[in-house]
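Asks: With the sequence up front, the predicted model follows.
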Amino acid sequence: MSTERRQARVLAMQLLCQWEVQGDESAERMREYFAEHESPARAGDYAARLLESFWARRQAVDAAITGAARNWSLERISTVERNILRVAALELILAEVPPKVVIDEAIEIGGEFGGKDSGRFINGLLDEIRKSQDVHVLD
């Protein structure tokens, strides 16, 4: 399951990036994207759930990121890092996955898709979001 969740997080992040660039936020585009990337059905299902939850909570998710990024506007954060943060912040808000897992996954995805300092930047912001959401890390 963890590999599928990882794939789902990456898919969700990539689709959010694509939506930002292309401006096409349609459900049809999401289905096409999943078909093009041939992901396991469970990864696609979880990614779709994340994306639907994001759109329902977009203002709260973006506000959480902006609140944690004291000297950074949301637009100033790179597209990749912004959308990794969106997926992870959403998961922290939903509180269905242990915060430690969410943060570790986001750091790893940031290291894979972001810049050399992405992991540290993502870690700092997500830790602030975790604290502000009063979410407790489960060891």
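Replies: All right, it came through fine. Quick caveat: nothing in here was measured; it's all calculated off a predicted structure.

Asks: In contact with the closest residue to Gln133 other than its chain neighbours, which residues?
Replies: Once flanking residues are discounted, Gln133 sits nearest to Leu92: 5.7 Å by CB to CB, 6 or more residues apart in numbering. All C-beta spots, glycine's among them, are computed from the backbone N, C-alpha and C. The neighbourhood of Leu92, defined by CB atoms under 8 Å, 6 or more residues apart in numbering, consists of Ala64, Pro99, Val102, Leu126, Ile129, Arg130, Gln133, Val135.

Asks: which other residues reach the helix or strand the fourth one falls within?
Replies: Leu126 is located in helix 118-132, with elements delineated by DSSP states H and E. Contacts of helix 118-132 from elsewhere in the structure, counted by CB under 8 Å, 6+ apart, are 64-65, 67-69, 78, 80-81, 84-85, 88-89, 92, 99, 102-103, 106-108, 110-111, 114, 137.

Asks: can we see that at 6 Å?
Replies: Under the contact criterion CB atoms under 6 Å, 6 or more residues apart in numbering, helix 118-132 has outside partners 64, 68-69, 81, 85, 88-89, 92, 99, 103, 106-107, 110-111.

Asks: What residues of it count as buried?
Replies: Going by neighbour count (16 or more other CB atoms under 10 Å), the buried part of helix 118-132 is Ser118, Gly119, Phe121, Ile122, Leu125, Leu126, Glu128, Ile129, Arg130.
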